Structures are given as C-alpha cells and as structure tokens.
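S.K.: Here's a sequence, model it:
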Amino acid sequence: GIAVFKDDKLVGELNGLESISLLILRNHLKNATLNIPSPFESTNFIDLYIEKSKCETYVDVINGTPYIQSKLEISTRIISMSDDYKNLDKSTIDIIEEYAKNYIESFIYDFVYKTSKELKSDIACFGKYAVSDFSTWQDWQDYNWLNNYQNAFFNIDATINLKSRYLIVDT
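M.R.: Residues are numbered from 1 along each chain as shown. Presented below is the predicted three-dimensional model:
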C-alpha cells in the first residue's frame, strides 16, 4: 500500500486497488494484474493483466467547486479464467470489456472520493490541472485548493481494450 499524508501528518493508507488507482491517474502504472469477478458466474474470476494505461485529466472550477474529469485508456489481456469457456467469441469479449470498464471505474471512483472526502489529500495531484483556471498566483493561493478539493465532483470514463481473443482456444 501507500501512505497518505496531509500537512506532514499521516492521514491514511491505500490498499492495493487504491494504489493501482493512484498509479493510473498519475500515468505511472507500468503493469498490474487484476482479479475481477466473472460477469457470467459470480463465484468465478478472471485475471486481467493491465499492460498499458493512459489517463488524461481535465479540471474546471465551476462556481467555486472543482469538477475533475479523467479519461482512461487501458489495454488488458486475459491471463486466466475460472470459467470453462471453449472459445471466446466477440460478444463474450464485449461483455468482459464492459464489465472490466465498470469494475475499474468503480474502484477509481472509490479512490478519488476517499482521498477528497475522507483523507482530504490531493495525492493524485489534480490541483496542477486546476491552476490554469486562475489568472494570478495570488488568486490560486486565495482559492486554497487543498481546502476546496474535499468538495470536488468527479467523472471517470474508462475505455478498455481487451487484446486476448486469441489466447483462449478450444483444446
């Protein structure tokens, strides 16, 4: 995990998914493996290998409140499945991609709301995108980003590209 500080004080720790969220949002994730529930059978799982991710973040201050949008592009591979599929057709891949999209967006939403509302610490460095909304450095300082970050609203939009269609074949 990762320790979270605010004003030189330890305010919390991140678990594995929260750490992955931070790395994705800061464009520092090199790769990771996620174990997600199967969209077909809730007692089964799919291991996805994230081989590449890209995040573009935009921040607007609207009526004094930060609105933070992050667009994610994530390339994954299926490395194992507990479901016994003989073949993965396009519709099955589409279902897995959509499920993975919702799963990843969900844990990233949990992360950003935890850091803003509970920990009140901008460890994802969203403030660097907000500074351009202010005319002068003094306006930025007067706004007090770290105090206003706790009021932020978020929009996370992930696109998942599952590249594993050829990995699982009928034996």
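S.K.: Give the pairing partners of the one helix or strand Gln69 maps to; include direction for each.
M.R.: Gln69 is part of strand 65-81 when elements are defined by DSSP states H and E. Strand pairing for strand 65-81, using DSSP bridges, gives strand 45-62 (antiparallel), strand 153-162 (parallel).
S.K.: so where is the chain shaky, pLDDT-wise?
M.R.: Counting by pLDDT under 70, the ranges of the chain that qualify are 82-87, 164-171.
S.K.: In it, which residue is most central in space?
M.R.: Ile108 (3.6 Å; C-alpha atoms, centre = their mean).
S.K.: by contact count, what packs against the host helix or strand of that residue?
M.R.: Secondary-structure element containing Ile108, defined by DSSP H and E: helix 90-113. The contact analysis (3 or more C-beta pairs under 8 Å, 6 or more residues apart in numbering; DSSP states H and E) places helix 90-113 against helix 16-25, strand 32-37, strand 45-62, strand 65-81, strand 153-162. All C-beta atoms are positioned from the backbone trio N, CA, C, and that covers glycine.
S.K.: Kindly recompute the last result at 7 Å.
M.R.: In this structure, helix 90-113 makes packing contacts with helix 16-25, strand 153-162, judged by 3 or more C-beta pairs under 7 Å, 6 or more residues apart in numbering; DSSP states H and E.
S.K.: about what we covered before: closest one to Asp139 among the strands paired with strand 65-81?
M.R.: Judged by C-beta to C-beta, the one of the strands paired with strand 65-81 that comes nearest to Asp139 is strand 45-62, at 10.4 Å.
S.K.: Name the residues of that closest one that are buried.
M.R.: Neighbour-count burial for strand 45-62, counted by 16 or more other C-beta atoms under 10 Å, picks out Phe45, Ile46, Leu48, Tyr49, Ile50, Ser53, Cys55, Thr57, Val59, Val61.
S.K.: sorry, back to before: the strand holding Gln69 versus helix 16-25: what angle between them?
M.R.: Relative orientation of strand 65-81 versus helix 16-25 (axes from the mean of the first three to the mean of the last three C-alpha atoms, to 10 degrees): 110 degrees.
S.K.: send the alpha carbons of strand 65-81 over as CSV?
M.R.: Once non-C-alpha atoms are left out, strand 65-81 reads as follows in CSV (Å, rounded to 0.1, in the frame of the first residue of the first chain):
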residue,chain,number,x,y,z
THR,A,65,-16.2,23.8,-6.9
PRO,A,66,-13.7,21.5,-8.6
TYR,A,67,-15.1,19.3,-11.4
ILE,A,68,-12.5,16.7,-12.2
GLN,A,69,-12.8,14.5,-15.4
SER,A,70,-10.4,11.7,-16.1
LYS,A,71,-10.4,9.8,-19.4
LEU,A,72,-8.7,6.4,-19.2
GLU,A,73,-7.5,4.2,-21.9
ILE,A,74,-6.5,0.8,-20.6
SER,A,75,-5.1,-2.2,-22.6
THR,A,76,-5.6,-5.6,-21.0
ARG,A,77,-5.1,-9.3,-21.6
ILE,A,78,-6.9,-12.2,-20.0
ILE,A,79,-4.3,-14.3,-18.4
SER,A,80,-6.6,-16.8,-16.7
MET,A,81,-10.3,-17.6,-16.2
